[in-house]
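Q: Fold the following, please.
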Amino acid sequence: MRIIGGEKGGLTLSHPGRRVRVTLDSVRETLFNILGASVEGAAVLDLFAGSGSLGIEALSRGAAHCTFVERDRSLTRLLAGNLARLGLESRARVITADLRRVRTPAWLKDRPYDAVFMDPPYERGLTDICMDLLARIQFGEEPWVVLESGSREEVVLPEGWVLARDKKFGQTRVRFLAPVPAQVRSALTTALKAAADWPECDTDGRLWSNPEGTTRA
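A: Purely as a prediction, here's the structure:
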């Protein structure tokens, strides 16, 4: 497994072999091509980090800092070793935690995150946990979230979030999520409230009144 681009591009990462699924090079390359320059200077949160390939790729491409969260201690040791070997440990922290059991630990809110990667094991119902976590993370002003899942897994987005992009790569599905800006949410709420008082219209936009006892042809 190698780093695709940036200052560490071409260097290899130690990985645990077949017991852990890793994001394919082709998927990572497409993902980061879509994200483009938005990675530069970003504070990144890599959840279900595994060997850290997504967060390390972001650091290589100019992210300011990355917090890696993984429950398997053998993987967090491997991840820390990768960071040290690449000289990236000063821009990273590695946390051992089971995201299925955390509530709101300090590291979810101790800084505003500009980017979040969520790459849970496929087909285990963990995408719902990912969506629940969105409400507990402190985000920056214009954040983006990348959710990787099995291609058949469905996701119900929490209120205030929209699907910005959706791509399939064989058995893998990558969704790019973005929050609805506060001013847009406010405008939508106002419009929906006002809609209750709007008169009915024909499909061509002409107003139609419904006097009592009449029916529409």
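Q: For stretch 24-34, buried residues please.
A: 27, 28, 31, 32 (16 or more other Cβ atoms under 10 Å). All C-beta atoms are positioned from the backbone trio N, CA, C, and that covers glycine.
Q: Distance check, the last one against residue 61.
A: Spatial separation of residue 32 from residue 61 under the definition Cβ to Cβ, to the nearest Å is 6 Å.
Q: what is in contact with the two at once?
A: 5, 39 (Cβ atoms under 8 Å, 6 or more residues apart in numbering).
Q: For residue 156, state which of the buried residues of stretch 24-34 is nearest.
A: Within these, distances to residue 156 taken as Cβ to Cβ reach their minimum at residue 31, with 22.4 Å.
Q: how close does that closest one get to residue 175?
A: For residue 31, the distance to residue 175 (Cβ to Cβ) stands at 11 Å.
Q: what about the strands in this structure?
A: According to DSSP state E, the chain carries its strands in the segments 43-47, 65-70, 92-96, 113-118, 139-150, 161-169, 172-179.
Q: Redo those strands as CSV? Include mean pLDDT, mean neighbour count and distance to residue 77.
A: Below are the strands of the chain laid out as CSV (pLDDT from 0 to 100; neighbours: other Cβ atoms under 10 Å; distance: least, Cβ to Cβ, whole Å):
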stretch, mean pLDDT, mean neighbour count, distance to residue 77
strand 43-47, 96, 25, 16
strand 65-70, 96, 24, 10
strand 92-96, 96, 18, 9
strand 113-118, 96, 23, 20
strand 139-150, 92, 18, 23
strand 161-169, 91, 13, 29
strand 172-179, 92, 19, 26
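Q: can you list these in TSV and add distance to residue 129?
A: Output for the strands of the chain, formatted as TSV (distance: least, Cβ to Cβ, whole Å):
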stretch	distance to residue 129
strand 43-47	9
strand 65-70	12
strand 92-96	16
strand 113-118	9
strand 139-150	11
strand 161-169	15
strand 172-179	15
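Q: And those strands: which comes nearest residue 124?
A: strand 139-150 (9.1 Å).
Q: Mind giving me the packing neighbours of that closest one?
A: Counting contacts by 3 or more Cβ pairs under 8 Å, 6 or more residues apart in numbering; DSSP states H and E, strand 139-150 packs against helix 25-35, strand 113-118, helix 127-133, strand 172-179.
Q: before we move on, the earlier item: and for residue 31 and residue 175, which residues touch both?
A: residue 146.
Q: Could you check how far residue 10 is from residue 60?
A: Residue 10 is 10 Å from residue 60, by Cβ to Cβ.
Q: These two: which is more packed in?
A: Shown here are residue 10 and residue 60; by other Cβ atoms under 10 Å, residue 60 has more neighbours (21 against 10).
Q: Against residue 78, how distant is the closest residue to that one other than its chain neighbours?
A: Computed as Cβ to Cβ, 6 or more residues apart in numbering, the closest residue to residue 60 that is not its neighbour in sequence is residue 6, at 3.4 Å. According to Cβ to Cβ, residue 6 and residue 78 sit 21 Å apart.
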